[in-house]
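Below is the sequence, then the predicted model.
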Amino acid sequence: MQLQTATPAPEQSGWVVRAETPPRCDGIREVILALAQEVYVRLVQNDGRILQPFRGKSEFAAKAFLARIAASVVVDHFRY
């Protein structure tokens, strides 16, 4: 499985994350999509409480912040 970096979507102001999975791993694709959705949910739940204190001064800071949220989502997924 290869994950591509997030890139700005040309038709909108949001970001698009693309995941490439081998054809034989159909179940993995659904898990990846569900985990990506859970990252978005965590970012916006409780009126974006998790985003309010964030003051990223660089692109690296934003990527590190999102990576930490994503890592937490993955750990929670495999914990249960």
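On my side now, so go ahead. Residues are numbered from 1 along each chain as shown.

Which stretches in the protein count as strands?
2-3, 7-8, 15-16, 19-20 (DSSP state E).

Could you pick out the longest helix of the chain?
In the chain, taking DSSP state H as the definition, the longest helix is helix 26-48.

residues of that one that come out buried?
32, 38-39, 42 (16 or more other C-beta atoms under 10 Å). Backbone N, C-alpha and C define where each C-beta goes, glycine included.

Remind me what that helix packs against, helices and strands.
Using 3 or more C-beta pairs under 8 Å, 6 or more residues apart in numbering; DSSP states H and E, the elements in contact with helix 26-48 are strand 19-20, helix 59-79.

how about the CA coordinates for it, as PDB?
What follows is helix 26-48, C-alpha atoms only, in PDB (Å, rounded to 0.1, in the frame of the first residue of the first chain):
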ATOM      1  CA  ASP A  26     -10.200  -4.500  -1.100                       C
ATOM      2  CA  GLY A  27     -10.800  -4.500   2.600                       C
ATOM      3  CA  ILE A  28      -7.800  -2.300   3.400                       C
ATOM      4  CA  ARG A  29      -9.200   0.500   1.100                       C
ATOM      5  CA  GLU A  30     -12.400   0.700   3.200                       C
ATOM      6  CA  VAL A  31     -10.400   0.800   6.400                       C
ATOM      7  CA  ILE A  32      -8.200   3.600   5.100                       C
ATOM      8  CA  LEU A  33     -11.200   5.600   4.000                       C
ATOM      9  CA  ALA A  34     -13.000   5.000   7.400                       C
ATOM     10  CA  LEU A  35      -9.900   6.100   9.300                       C
ATOM     11  CA  ALA A  36      -9.500   9.200   7.100                       C
ATOM     12  CA  GLN A  37     -13.100  10.100   7.800                       C
ATOM     13  CA  GLU A  38     -12.500   9.600  11.500                       C
ATOM     14  CA  VAL A  39      -9.600  12.100  11.400                       C
ATOM     15  CA  TYR A  40     -12.000  14.700   9.900                       C
ATOM     16  CA  VAL A  41     -14.600  13.900  12.500                       C
ATOM     17  CA  ARG A  42     -12.100  14.500  15.300                       C
ATOM     18  CA  LEU A  43     -11.000  17.800  13.900                       C
ATOM     19  CA  VAL A  44     -14.600  19.200  13.700                       C
ATOM     20  CA  GLN A  45     -16.300  17.500  16.700                       C
ATOM     21  CA  ASN A  46     -17.200  19.800  19.600                       C
ATOM     22  CA  ASP A  47     -17.100  22.800  17.400                       C
ATOM     23  CA  GLY A  48     -13.500  22.200  16.400                       C
END
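
Noted, bye for now.
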